[in-house]
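Trainee: Please find the sequence and the predicted model below.
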Amino acid sequence: MLLDDALRALALLDRFAGPVVDVGSGGGSPGIPLAAARADRDVTLLEAERRKCEFLAHWAPANARVVRGRAEEQPLEAWGVALAKALAPPPVALEWCLPLVRVGGAAILWVGPSADLAALGRAAALLGGDAPRTHDGLAVVRKATPTPARFPRRAGMAKKRPLA
């Protein structure tokens, strides 16, 4: 079930070029299954906790690299796709993901049926993204313009004061 859930993003992933970052990789899903399914794509497993990074390094396929750190500390617009599953409420996850994605790329978020897509849309507009589109429990926000210089905010601010 966990594998199937991660692989729901395969068709969407193929719509966007460039390397992939799984923000808050935790136990490795969706990043590890997607990296294994797309050995031709470079995948970064971004995780802040040392012990989780050790676990990820043990299981990561050859095309995946583990980076210990926070989204707010990563290079901006370095990836084609950013993924987030069970990371934070969608507007917060988007604030951590979309600045990492280059224009023309996308953030793909796993969302539940009660997700506030209007709030996600407001956050997307502030971050340079298009209105979110949903596909099989995934919200896709394409990056239309560069993220304004005031983002990302310093560590902890997105969660403390969400954009939407």
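Mentor: Everything's here; your move.

Trainee: what stretches of this structure score poorly on pLDDT?
Mentor: Filtered on pLDDT under 70, the chain yields no residues whatsoever.

Trainee: What ranges does it have for its strands?
Mentor: 20-23, 43-47, 64-68, 79-84, 101-110, 133-135, 138-142 (DSSP state E).

Trainee: These into a markdown table, with extra columns for distance to Arg150?
Mentor: Heads up, the C-betas are built off the backbone N, CA and C, glycines and all. Below are those laid out as a markdown table (distance: least, CB to CB, whole Å):
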| stretch | distance to Arg150 |
| --- | --- |
| strand 20-23 | 19 |
| strand 43-47 | 22 |
| strand 64-68 | 24 |
| strand 79-84 | 19 |
| strand 101-110 | 17 |
| strand 133-135 | 26 |
| strand 138-142 | 18 |
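
Trainee: And these: which comes nearest Arg8?
Mentor: strand 138-142 (6.3 Å; CB to CB).

Trainee: Restricting to C-alpha, output the closest one in PDB.
Mentor: This file holds the C-alpha atoms of strand 138-142, laid out as PDB (Å, rounded to 0.1, in the frame of the first residue of the first chain):
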ATOM      1  CA  LEU A 138      -2.100  14.800  -5.200                       C
ATOM      2  CA  ALA A 139      -1.900  18.600  -5.500                       C
ATOM      3  CA  VAL A 140       0.300  19.800  -8.300                       C
ATOM      4  CA  VAL A 141       1.500  23.500  -8.200                       C
ATOM      5  CA  ARG A 142       3.500  24.500 -11.300                       C
END
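
Trainee: That strand packs against which elements?
Mentor: strand 101-110, helix 117-127, strand 133-135 (3 or more CB pairs under 8 Å, 6 or more residues apart in numbering; DSSP states H and E).

Trainee: Need the residues that contact the shortest one.
Mentor: Just to be clear, that refers to strand 133-135. Here strand 133-135 makes contact (CB atoms under 8 Å, 6 or more residues apart in numbering) with Ala11, Leu12, Val111, Leu117, Ala139, Val140, Val141.
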